[in-house]
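1. coordinates only, sequence not included:
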């Protein structure tokens, strides 16, 4: 299975989790195909809307480029959603972060698996 | 250009219109790829969220199957969005309908170009 397919499968798994909890969630059409920013996943219920940028990695450290961060924040502000960054490290659950939870490293924001365990929010907490 | 490409182009044109008006909008990933319902287009601002099923046609009559209608209503209820049906007839602007605006015809809901002109809501009105 390709890297891209694994990423899409991970996003589908996340969407499944939202529906199981009574939320609606959907994947955005291929982000390269549009001149406008869109999150990987958009989830909502009658109270909250979450715009989520998702990364699947086998590395112990994951980066989000400043462009990805800015675009998610821009989309979220216009749409009226909370911007969240999600990372699925190998053999770990999904962890969710706000931009403030990540470490700025010049051209990008980084999060390690250790930081994920200490500062990340797990799925059930995200919905609380 | 294929029928599918024309449909996608029409959806992109609609998304462009939303951004131009200060809303955020996105296309959903290919609907066949998910076991969960999702609208063709999801648009939002800080006040409203619109889940839209889009059809482009050269025929003077357009149908939405009951499955499409039910799925859009189900998604919208869970997500917390207004369900809207949009049709772009040949040489006409986009017209938007609620399910009540359409005629039930047994297995589907139908709308003709004449009904669109009299009962449909145009883009600018939709945002009011």
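-> Okay, I see it. Owing to the predicted nature of the structure, the values given are computational and were not obtained by experimental measurement.
2. drop to CA atoms for contacts and neighbour counts, all remaining ones
-> Will do.
3. so how far is residue A:56 from residue A:5?
-> For residue A:5, the distance to residue A:56 equals 11 Å [Cα to Cα, to the nearest Å].
4. Following the chain onward from the helix or strand containing residue A:114, which element is next?
-> Assigned by DSSP states H and E, residue A:114 belongs to helix A:113-119. Moving toward the C-terminus from helix A:113-119, the next helix or strand (DSSP H and E) is strand A:121-122.
5. quick one: that next one to chain centroid distance?
-> 11 Å (Cα atoms, centre = their mean, to the nearest Å).
6. Over to stretch A:89-98?
-> So, by Cα atoms, centre = their mean, the centroid of stretch A:89-98 is 9 Å from its chain's centroid.
7. tally of neighbours for the closest residue to chain B within chain A?
-> Residue nearest to chain B within chain A (Cα to the nearest Cα): residue A:29, separated by 3.8 Å. Residues near residue A:29, counting by other Cα atoms under 10 Å in any protein chain shown, number 20.
8. which residues are contacting the helix holding residue A:114?
-> A:60, A:61, A:89, A:95, A:96, A:97, A:101 (Cα atoms under 8 Å, 6 or more residues apart in numbering or on different chains).
9. so where is chain A shaky, pLDDT-wise?
-> Confidence mapping of chain A against pLDDT under 70 gives the ranges A:31-34.
10. Enumerate the residues of it near chain B.
-> Within chain A, the positions adjacent to chain B are A:12, A:22-30, A:34, A:38, A:43-47, A:49, A:75, A:77-80 by Cα under 8 Å from any Cα of the partner chain.
11. Tell me where the longest helix sits in chain A.
-> helix A:3-20 (DSSP state H).
12. For that helix, give me every contacting residue.
-> A:24, A:25, A:26, A:27, A:40, A:41, A:43, A:54, A:55, A:56, A:88, B:34.
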